Every structure is written in C-alpha cells, then in structure tokens.
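> What follows is a predicted protein model with its sequence.
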Amino acid sequence: MSISKIISDLKKNKKLPLEVRIYLIDKEKHYFLNNGVLKNGFDSKLSIVKNRDSVLSVYSKMAFLFDEIIRLRIVPSSNGTNSDELLYLSNLIPINRKIRTFLDWKVFTPEFTRNMSRLFEVRNDAVHCISIEEVTYTPKTSISLSTTSGFKKFASDLQKAWKTLIKIYVGEQQKIDLEKIFD
C-alpha cells in the first residue's frame, strides 16, 4: 500500500489508532499521527529569515527529524511508555553524536555528515548569543551571518541540507512496513 493511500485512509477514518505515533511524508506534504490525531507536519520548503528565532526554529525541525529517524530505525511506530522513554533518551544525546551515529549507520554520507556538523556549529553559536549578527558559519572559510552574502550562503546550505534530510527520512520511512502498522 502506498503512503498516499495510507494517508487518504487515515484522513477518512474518524477513529485513528491511538497506539501509533509516526511522522509521514508523502511527496511535498508532511503529516504527524499521534494519540489518534492526524495533523499537518512541517513544510517541505523552509522559510529562513535573518534573525535568531527563525534560524533556531529551522534547527528544531531538523532535530525533530533526527529523532524521528532514530525512532523509525528502532521502533517503527509506537506510543505509550516505550515511545516516551525513547524520546527521553534521544533528547539526552547531543546533536553532534546523533550526526555521527547516522554516519556510522550509513544513513548519512561522510560529506553530508561534515555539512551537517558545520551547520550545527551555527546552531550552537546561535543558542548562546543574543543576535544572529554575532554568529559565523564556516563551510570552507569563516563567513559572518551579519553580512547579506554570508547569510545567503548559510541559508542556501541550510535549505539544501533540509531537502537532503527529507529525502533521507523518506528513504527510512520506505523501509518500514506501513501496512503492518495500520492493519
């Protein structure tokens, strides 16, 4: 059964399964099924503006997908105690360790791992500053996010990473037996 068919069936169903917790991506649409409620997920295209809150918001979406990749690999769809415990443990793992784990699991390529590590250095700096103007990004050489060209380069790289992360997530999603989950 295709992901489109599953989502169509879920939308028609008045009583959705309470025990299933899963983030689904179908083409450009994202959905989150949790506690018997199907909600819209994130947009496939990120909107990034030159301020700290906008930048950190993008990183929280990426971190959410990291945790969902871990969940898909360990517990394909779940709710209740095991799911809560997995979320708790996942939140204890630093982002740089998750990125490295994805390389070890062959979810990320070495190049994508390097790119994500560099991008998440910006996140770490943004968390500890008042303004994005104080942050630099180092894809090859250090560039300031306070400059228009620096921020454009950073935003472009972040957009590319988001698109790649979505493709990776869809690949992981395709590995699970959705029919078994929704039967």
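Good, I have the coordinates. These figures come from a predicted structure and were not determined experimentally.
> Sticking with the residue minimising distance to the centre of the chain, tell me its helix or strand.
Closest residue to the average C-alpha location of the chain: L65 at 2.2 Å, with Cα atoms, centre = their mean. Per DSSP states H and E: L65 is located in helix 52-74.
> Now find how far off-centre the helix or strand following that helix is within its chain.
Sequence-wise, the next helix or strand downstream of helix 52-74 (DSSP H and E) is helix 81-92. Distance of helix 81-92 from its chain centroid, counting by Cα atoms, centre = their mean, to the nearest Å, is 16 Å.
> so the residue nearest to the centre of the chain touches Y169, yeah?
Yes - if you go by Cβ atoms under 8 Å, L65 and Y169 touch, sitting 5.5 Å apart. (Each C-beta comes from the backbone N, C-alpha and C, glycine too.)
> Now do L145 against Y137, distance only.
6 Å (Cβ to Cβ, to the nearest Å).
> Tell me which of the two has more neighbours.
Ranked by neighbour count (other Cβ atoms under 10 Å), L145 and Y137 place L145 first, with 25 against 21.
> pLDDT at the closest residue to K27 other than its chain neighbours, what is it?
In this structure, K27 finds its nearest non-sequential neighbour in S4, 7.6 Å apart by Cβ to Cβ, 6 or more residues apart in numbering. S4 is assigned 89 on the pLDDT scale.
> Can you list the buried residues in whichever strand or helix holds S4?
Take DSSP H and E as the rule and S4 turns out to sit in helix 3-12. In terms of neighbour count (16 or more other Cβ atoms under 10 Å), helix 3-12 has its buried residues at 3, 6-7, 10.
> Give me the residue ranges of this protein where confidence is low.
1, 76-83, 183 (pLDDT under 70).
> for it, longest helix please?
In the chain, taking DSSP state H as the definition, the longest helix is helix 148-174.
> helices and strands around it, which ones?
strand 22-26, helix 52-74, helix 110-127, strand 136-137, strand 143-144 (3 or more Cβ pairs under 8 Å, 6 or more residues apart in numbering; DSSP states H and E).
> tell me the most buried of those?
Across those, averaging neighbours per residue (mean count of other Cβ atoms under 10 Å) puts strand 22-26 on top, at a mean of 20.
> partners of the next helix or strand after that one in the sheet?
On the C-terminal side of strand 22-26, the closest following helix or strand by DSSP H and E is strand 29-34. Within its sheet, strand 29-34 is paired with strand 22-26 (antiparallel), strand 37-40 (antiparallel), according to DSSP bridges.
> want to throw those strands into CSV with distance to L86?
Formatted as CSV, those follow (distance: least, Cβ to Cβ, whole Å):
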stretch, distance to L86
strand 22-26, 13
strand 37-40, 20
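> which residue packs closest to S142, ignoring adjacent ones?
T136 (4.9 Å).
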